[in-house]
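Student: test case, fold it:
(chains A and B)
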Amino acid sequence: MNKKAIGYELIARDGEARSGTLRTRRGIIETPVFMPVGTLGTVKGTRFEALEAADLDARIILGNTYHLWLRPGAETISECGGLHRFIGWERALLTDSGGFQVWSLGALRKITEEGTEFRSHVDGSPRFLSPEVSMQVQAALGSDISMAFDECAPGNASHEVARESMLLTARWAERSRSRFCALQKEGMDTGRFRIGESQRSDADLSGAQALFGIIQGASHLDLRRESLQRTVEIGFDGYAIGGLSVGEEKSVMYSVVEEIAPLMPPESPRYLMGVGTPEDLVECVARGVDMFDCVLPTRNGRTGQAFTSRGRLNIKNAQWTRDPAPLDEQCACSVCRRHSRAYLRHLYMTGEMLASILLTHHNLAFFLDTMRRVRQAIRSGDFTRFRREFLEGVNSGVA
RNA sequence: GCAGGGGUGGUCGAGUGGUUAAUGGCACCGGGCUGUAAACCCGGCGGGCUCACGCCCUACGUAGGUUCAAAUCCUACCCCCUGCA
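Tutor: From the prediction side, this is the model:
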């Protein structure tokens, strides 16, 4: 019997929205799920205890191949027992392949068929990242879900440019899969459970790392469909939509998701990479997506913006100077239970690091709780109403 | 008392006759952030009028003066700092 790396069981559907259970070698993840981003082996501004606490209860977080490869290096992490052991996190980890950095570090890299030449943003030294290198690094990190190495084209890429990029991504996907399988056979995956070790997920899983393929094609629906077909033909444990929220119109993002998500294999998890705002999450769940990640809750928290059930709140604004209310009256997180807007503003204005920590915590709580409520609504067949009321709320405006 | 140095917009501090409502930092006000080159970046920041180009006031300790023109030069006064008595 051929055991799989992950299991996905659908529990309920409501329109295109679906809710299920994603089982990994490091725990069970209820979907739809939001995955906090932990690029450098830390969800910035957050302790792991907080991520595990009941008001967050994050089941899976991200790490980044490119960044961890530069510092501290794959070998270092491997020698430290893999990324889980290195950072002290026993729940699930997903690593991005570095494909996004091909886009975001645009000025510092050159793309060839073979791979991508980067100039390190840390010290300027030349680095070469390819599907093979990315797979090797991700095996050394030992993440539970790894991502194929893709090329993320700009959101406004022309059909011609987007097609070339999509085809390159498809060839890289093939190479990613091939190298991934070899590395698994060679036992390079530091996150693998050995015989005799307790595995927290069910016994029908293989204990191996999972690999997701990524669909590209910018805003062109025909390319997106072709990319989906090519990616599914190669065969992955799950499928991701990449290359969105990279400068295109929001309506474009929604129409791509609306077109593609329902065509993705229903028996596999569907991951929309890098998205998004709370509204985006709900809207894309409604279009059939199961998994999300985004830096917004952490980055915007650090830079003074809170997400609430009544929209965004800029803690820097003078109007909160004496406001005794919590960030969000409807939020049950430990920050909202304890601290006022006035205090949080004071912390931010005085440059105290606790401001970033507390705002980050609240934002993560809001994102994760929103997904909890999304799951509940889908499972109780009440998603349509939830969606309407949620969007009304976030558009109503704070204060 | 004598000798030096100095008083500039919320604040610190440039500027030492004309393109100066006055560089810059900070503070303050506002905006942005979507697989993290981000505890970051961008804008505003004397007052009034105008949709806008722009116009008008008020300002460089105080009061006079020189000059076409003064934060910048001269005189007097007030205050602060340092040294000597």
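Student: please make it C-alpha for all contacts and neighbour counts, starting now.
Tutor: OK.
Student: so where's the stretch 51-200 of chain A uncertain?
Tutor: A:194-200 (pLDDT under 70).
Student: flag every residue of it that's near RNA strand B.
Tutor: Residues of the stretch 51-200 of chain A found near RNA strand B (C-alpha under 7 Å from any atom of the strand) are A:62-64, A:96-101, A:104-108, A:121-122, A:147-152.
Student: all helices in the stretch 251-399 of chain A, in order from the N-terminus.
Tutor: A:278-285, A:296-302, A:334-338, A:341-349, A:353-379, A:383-394 (DSSP state H, counting those that start in this stretch).
Student: show me the contacts for the residue nearest the centre of chain A.
Tutor: The structure's chain A has its C-alpha centroid closest to A:Asp293; by C-alpha atoms, centre = their mean the separation is 2.6 Å. Neighbour list for A:Asp293: A:34-37, A:62, A:272-276 [criterion: C-alpha atoms under 8 Å, 6 or more residues apart in numbering].
Student: at 6 Å what do you get?
Tutor: A:34-36, A:274-275 (C-alpha atoms under 6 Å, 6 or more residues apart in numbering).
Student: one more: A:Val232?
Tutor: Applying C-alpha under 6 Å, 6+ apart, no residues qualify as near A:Val232.
Student: try 10 Å this time
Tutor: By C-alpha atoms under 10 Å, 6 or more residues apart in numbering, the contact set of A:Val232 is A:213-215, A:226, A:238-239, A:264-265.
Student: on that earlier part again, in strands, which of the residues of the stretch 51-200 of chain A next to RNA strand B fall?
Tutor: With strands defined by DSSP state E, the entries of those inside them are A:62-64, A:96, A:147.
Student: which of those has the most neighbours?
Tutor: A:Met147 (30 neighbours; other C-alpha atoms under 10 Å).
Student: of the residues of the stretch 51-200 of chain A next to RNA strand B, buried ones?
Tutor: With burial judged by 16 or more other C-alpha atoms under 10 Å, the buried subset of those is A:62-64, A:96-101, A:108, A:147-152.
Student: farthest-apart pair in those, please.
Tutor: Among these, the pair separated by the greatest distance (C-alpha to C-alpha) is A:Leu62 and A:Leu108, at 23.3 Å.
Student: do any residues in the helix or strand hosting A:Phe212 lie close to RNA strand B?
Tutor: Using DSSP states H and E, A:Phe212 falls within strand A:210-215. Yes. Contact of strand A:210-215 with RNA strand B (C-alpha under 7 Å from any atom of the strand) involves A:Ile214.
Student: following that strand, which helix or strand comes up?
Tutor: As assigned by DSSP H and E, the chain's next helix or strand after strand A:210-215 is helix A:221-234.
Student: returning to what we had before: okay, the ones in strands among the residues of the stretch 51-200 of chain A next to RNA strand B in TSV with distance to A:Thr190 next?
Tutor: Below are these laid out as TSV (distance: C-alpha to C-alpha, whole Å):
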residue	distance to A:Thr190
A:Leu62	16
A:Gly63	15
A:Asn64	16
A:Asp96	16
A:Met147	16
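Student: ok, so of those, who is nearest A:Gly7?
Tutor: Taking these together and measuring to A:Gly7 by C-alpha to C-alpha, the closest member is A:Met147, at 16.6 Å.
Student: contacts only, for the closest one.
Tutor: Counting by C-alpha under 10 Å, 6+ apart, A:Met147 touches A:65, A:94-99, A:131, A:134-135, A:138, A:173, A:176-177, A:180, A:210-214, A:236, A:238-240.
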